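1. here's a sequence, model it:
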Amino acid sequence: MEAKPAQSEYDQVRDDLRMLREDLARLSKSVADNQKGNISSLRDEIRRESREAFDRVRQTGDEALNSARNAGEKAVHDVEHKIEERPFLSIIIMFLAGLLVGKLLDR
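-> Numbering: from 1, shown residues only. Just a heads-up that it's a prediction; the model follows:
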């Protein structure tokens, strides 16, 4: 009589182990799928933030370039204005600067 209860307990344990294996397989698959989704969303977020950082750097570079261009144009305009105010003095200064550079290069 005791053989039947032992056999049924053995069968019950065997069925429980089989169900546990199936549950563990489903859980592993679920975790793996969830991690794939997390990796994909993380990759997309990194890609988006990289693009935003690149755009910010490009915008800062464009602003610096425009600022330098404006400063250069202002300097050229100021020099042109000074030459227009005193053309004779400007010619003399350029002549003297040329002589000075010529003397320095002769040495």
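
2. and the spatially most central residue of the chain, how close does it get to residue 87?
-> Centroid-nearest residue in the chain: residue 50, 3.3 Å away (criterion: CA atoms, centre = their mean). Using CB to CB, to the nearest Å, residue 50 is found at 55 Å from residue 87. For the C-beta atoms, the positions are set from N, CA and C on the backbone; glycine is no exception.

3. do the same with residue 64
-> For residue 64, the distance to residue 87 - CB to CB - is 35 Å.

4. what of residue 73?
-> Distance from residue 73 to residue 87, by CB to CB: 21 Å.

5. show me the helices in this structure, by range?
-> Here the chain has its helices, by DSSP state H, at 3-85, 87-106.

6. quick one, the first one and helix 87-106 angle?
-> Pointing back at helix 3-85 there. 110 degrees (axes from the mean of the first three to the mean of the last three CA atoms, to 10 degrees).

7. which neighbouring elements make contact with helix 3-85?
-> Using 3 or more CB pairs under 8 Å, 6 or more residues apart in numbering; DSSP states H and E as the contact test, no helix or strand touches helix 3-85.

8. what distance separates it from the centre of its chain?
-> Per CA atoms, centre = their mean, to the nearest Å, the displacement of helix 3-85 from the mean C-alpha position of its chain is 12 Å.

9. what is the mean pLDDT for that helix?
-> Helix 3-85 shows a mean pLDDT of 88.

10. can you offset everything so residue one is 38?
-> Sounds good: first residue 38 from here, last item helix 40-122.

11. count the neighbours of residue 119 for me.
-> 13 (other CB atoms under 10 Å).
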